[in-house]
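Q: I would like the atomic coordinates for the input below:
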Amino acid sequence: MPTIVAAQGALSGRVVDAAGGSEYLDDAALIGAVALPEDAPPFNEITSAHWQEAFNALATGEADVTLGGLLAEVTPIASYFGEVQGDGTYRLEGLPLKTRLGVAAKIGDLWWPLREEVWLTEESPELEKQIDYFRLGADPAGVRIETYRLNVKGGIGGKLRFAQVQAYETLKIVNPDPTRGAMVHVEMRIMVPPGSAARSLPDLYGMIFSYVQCWNATAPVTAPQGEDEQAAWMLGTRAGPHAAQPTATPGAHTSADNWHWLNQDPVLAIVGAGDTEYRIDPSPGGRAATLVFDRPVPPALNGNPGRLVIHLVHLGGVLMSMPSEKLAFERTFNLDVIDAVAQITPELTLAGLVEGVHRRFYGEPENGMYPPNPEVAPDLTAGQTVQIVLGFNHDAQDRMAELEQAAMQEDAPPEKPTQDETEPATRFDWSVLFKSLAFVFGLAFIGALVATLRFPREKQLKRLAELPATRKEVLAAVVKLEQEYKEGKIPARAYTEHRQRLLNRLVELDSRG
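A: Numbers count the residues shown, from 1 in each chain. Below is the predicted model:
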């Protein structure tokens, strides 16, 4: 019988308040396990994306439910749910053997995941696992965004038809309550580079954009980086920061916290409780997307406030043909921002304006550093909106204009030779003869032309539809396309469309680094 049918295992354990509160639960609780496909990303990567609604749906018996949202879409093979007793104990029976199991407990309205996957075998058909959680309901007066950091880098050059603008944003949210955690809701609109659509970004996680949320509630899980770990934290995409696919091997899978390239703080662990949704927003060009974080900030531990840190990296760009163009995005938070600073590279310009009150968000810049505005405290109050505008300075704009002019000259079709004025006039107008022949043999000629060109035309379109796999192949394809266009082998519309596709492919490959 298939493994999923021959269910013989059991999982038991306890749900525990990690802040040391009462052993008895305040609310009714559920325990759930999902059987994951062999090639699914690790469960702790799935729970770093959008998964709360999916677990609620599975717990009510809905079928064809996917975990992970648009970022880590995974369809469970099966699901198993039961009740947690008032003292926090639970037991799930009838679980499949030799199957990857993701486990979580729902306390109140929130699912709290078991970080590691469960793997039951004939030798070990039963396991005990403790699932930690925090009681929620911290005093909201003490919860705040302690720091908001913005670091922006610009890039001009290469074969791109736009100058890159890459924004690194960091939010550090603190909670001083010693016994209860606090749920926070953060929405951050992300930039989308020219030539890309918001719908394509999930497959480019780790190259075009990336994020991570960490906390100091638990110690991070670390491990040395080896070949088997090079594809960690890809959220199920085919790309990822290491451009490799994880190997589907039997057993429980997990990603160590230190493998995520944005988790640079050795004391922080990656958060699984809560949700991070990648949302495509309505827009005329399909280029608007928002990351929505619904995550808990832990209680204070060992005298230090509980801390939740969110890192976000996203890429935009200014077209070389429009060098004075600006990029703008807004930030509105439900919490006070105590301290806000920014830093930009020399070729960029930055402005921040708090709407409604019409004041500067940052202080006077010096050498690319923008300190907090000394005239106000906090720098941004809950509910206020700041608009951040990015662009390139005049020197960079001149450089962009030069590159665009050079590119346009390369793209221009060859000029048609003009008749030498000193050349004697042709004595016989051969066009009359050609027109007569075309009139007499027109139908036969057109039929023969269609018959002889149909297969090559289909073959040509098929070749144009294929995209190269490497940057070197893309550049070679561009050169070949230009040559064929100059020789008149490709119509102007097909040339324009395929050239844009090649440029988009080049944007994708260059963005991967």
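Q: make it CA atoms for all contacts and neighbour counts henceforth
A: Fine.
Q: is it true that residue 71 touches residue 279?
A: No. Counting by CA atoms under 8 Å, residue 71 sits too far from residue 279 to count as a contact (9.8 Å).
Q: Neighbour count: the two, which is higher?
A: Taking other CA atoms under 10 Å, residue 71 and residue 279 do not tie; residue 71 has more neighbours (25 against 18).
Q: Which residues are in contact with the nearest residue in space to that one that is not next to it in sequence?
A: Leaving aside its chain neighbours, residue 71 sits nearest to residue 202 (5.2 Å; criterion: CA to CA, 6 or more residues apart in numbering). Contacts here follow CA atoms under 8 Å, 6 or more residues apart in numbering; on that basis residue 202 touches 70, 71, 237.
Q: ok, now how distant is residue 261 from residue 399?
A: Residue 261 sits 32 Å away from residue 399, going by CA to CA, to the nearest Å.
Q: What of residue 355?
A: 33 Å.
Q: Equivalent analysis for residue 375, please.
A: 37 Å.
Q: Those two: which has the busier surroundings?
A: residue 399 (15 against 12).
Q: CA atoms only for stretch 273-290 - export them in PDB, please.
A: Extracted in PDB, the C-alpha atoms of stretch 273-290 (Å, rounded to 0.1, in the frame of the first residue of the first chain):
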ATOM      1  CA  ALA A 273       4.200  32.200  13.800                       C
ATOM      2  CA  GLY A 274       2.000  34.600  11.900                       C
ATOM      3  CA  ASP A 275       1.900  35.400   8.200                       C
ATOM      4  CA  THR A 276       3.900  37.100   5.500                       C
ATOM      5  CA  GLU A 277       1.700  37.600   2.400                       C
ATOM      6  CA  TYR A 278       2.900  38.700  -1.000                       C
ATOM      7  CA  ARG A 279       0.000  40.700  -2.500                       C
ATOM      8  CA  ILE A 280      -0.300  41.800  -6.100                       C
ATOM      9  CA  ASP A 281      -2.100  45.200  -6.100                       C
ATOM     10  CA  PRO A 282      -4.400  46.400  -8.900                       C
ATOM     11  CA  SER A 283      -2.400  48.700 -11.300                       C
ATOM     12  CA  PRO A 284      -2.600  49.500 -15.000                       C
ATOM     13  CA  GLY A 285       0.700  47.900 -15.800                       C
ATOM     14  CA  GLY A 286       0.600  45.000 -13.300                       C
ATOM     15  CA  ARG A 287       3.700  46.500 -11.600                       C
ATOM     16  CA  ALA A 288       2.400  47.000  -8.000                       C
ATOM     17  CA  ALA A 289       2.900  44.600  -5.100                       C
ATOM     18  CA  THR A 290       2.900  44.800  -1.300                       C
END
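Q: tell me which residues in that stretch are buried?
A: Residues 273, 274, 275, 276, 277, 278, 279, 280, 287, 288, 289, 290 are the ones in stretch 273-290 that count as buried (16 or more other CA atoms under 10 Å).
Q: Strands of the stretch 201-350 of the chain, start to end?
A: In the stretch 201-350 of the chain, the strands defined using DSSP state E, counting those that start in this stretch lie at 209-215, 269-270, 275-280, 289-297, 306-319, 327-332, 337-344, 348-354.
Q: Now tell me what touches the third one from outside.
A: For strand 275-280, contacts defined as CA under 8 Å, 6+ apart pick out 47-52, 69-71, 198-199, 286, 288-295.
Q: now the fourth one
A: Among residues not part of strand 289-297, those counted as contacts by CA under 8 Å, 6+ apart are 173-175, 181-192, 198, 215, 271, 273-281, 306-308.
Q: With the second one instead?
A: Taking CA under 8 Å, 6+ apart as the criterion, the residues outside strand 269-270 that touch it are 48, 212, 213, 214, 215, 216, 217, 218, 219, 220, 221, 257.
Q: rewinding a little: which two of the buried residues of stretch 273-290 have the greatest separation?
A: 273 and 287 (29.1 Å; CA to CA).
Q: Give me the buried subset of the contacts of strand 289-297.
A: For the contacts of strand 289-297, buried by 16+ other CA under 10 Å: 173-175, 181-184, 186-192, 198, 215, 271, 273-280, 306-308.
Q: Using JSON lines, please lay out the contacts of strand 269-270 together with pLDDT and distance to residue 481.
A: JSON lines is the format used below for those (pLDDT from 0 to 100; distance: CA to CA, whole Å):
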{"residue": "48", "pLDDT": "97", "distance to residue 481": "43"}
{"residue": "212", "pLDDT": "97", "distance to residue 481": "41"}
{"residue": "213", "pLDDT": "97", "distance to residue 481": "44"}
{"residue": "214", "pLDDT": "97", "distance to residue 481": "47"}
{"residue": "215", "pLDDT": "97", "distance to residue 481": "51"}
{"residue": "216", "pLDDT": "96", "distance to residue 481": "54"}
{"residue": "217", "pLDDT": "95", "distance to residue 481": "56"}
{"residue": "218", "pLDDT": "93", "distance to residue 481": "55"}
{"residue": "219", "pLDDT": "92", "distance to residue 481": "55"}
{"residue": "220", "pLDDT": "94", "distance to residue 481": "51"}
{"residue": "221", "pLDDT": "92", "distance to residue 481": "50"}
{"residue": "257", "pLDDT": "94", "distance to residue 481": "45"}
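Q: ok, of those, which come out buried?
A: Buried among these by 16+ other CA under 10 Å: 48, 212, 213, 214, 215, 216, 217, 218, 220, 221, 257.
Q: Just the closest of those to residue 96, please.
A: Closest to residue 96, out of all of those and judged by CA to CA, is residue 48, at 24.8 Å.
Q: so where's the stretch 101-250 of the chain uncertain?
A: 227-228, 238-246 (pLDDT under 70).
Q: got the strands of the stretch 201-350 of the chain as JSON lines, with distance to residue 390 columns?
A: Output for those, formatted as JSON lines (distance: least, CA to CA, whole Å):
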{"stretch": "strand 209-215", "distance to residue 390": "18"}
{"stretch": "strand 269-270", "distance to residue 390": "30"}
{"stretch": "strand 275-280", "distance to residue 390": "23"}
{"stretch": "strand 289-297", "distance to residue 390": "18"}
{"stretch": "strand 306-319", "distance to residue 390": "10"}
{"stretch": "strand 327-332", "distance to residue 390": "5"}
{"stretch": "strand 337-344", "distance to residue 390": "9"}
{"stretch": "strand 348-354", "distance to residue 390": "5"}
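Q: For the buried ones among the contacts of strand 269-270, please prepare TSV with the additional fields distance to residue 109.
A: Converted to TSV, these look like this (distance: CA to CA, whole Å):
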residue	distance to residue 109
48	18
212	23
213	20
214	21
215	20
216	22
217	20
218	22
220	25
221	27
257	26
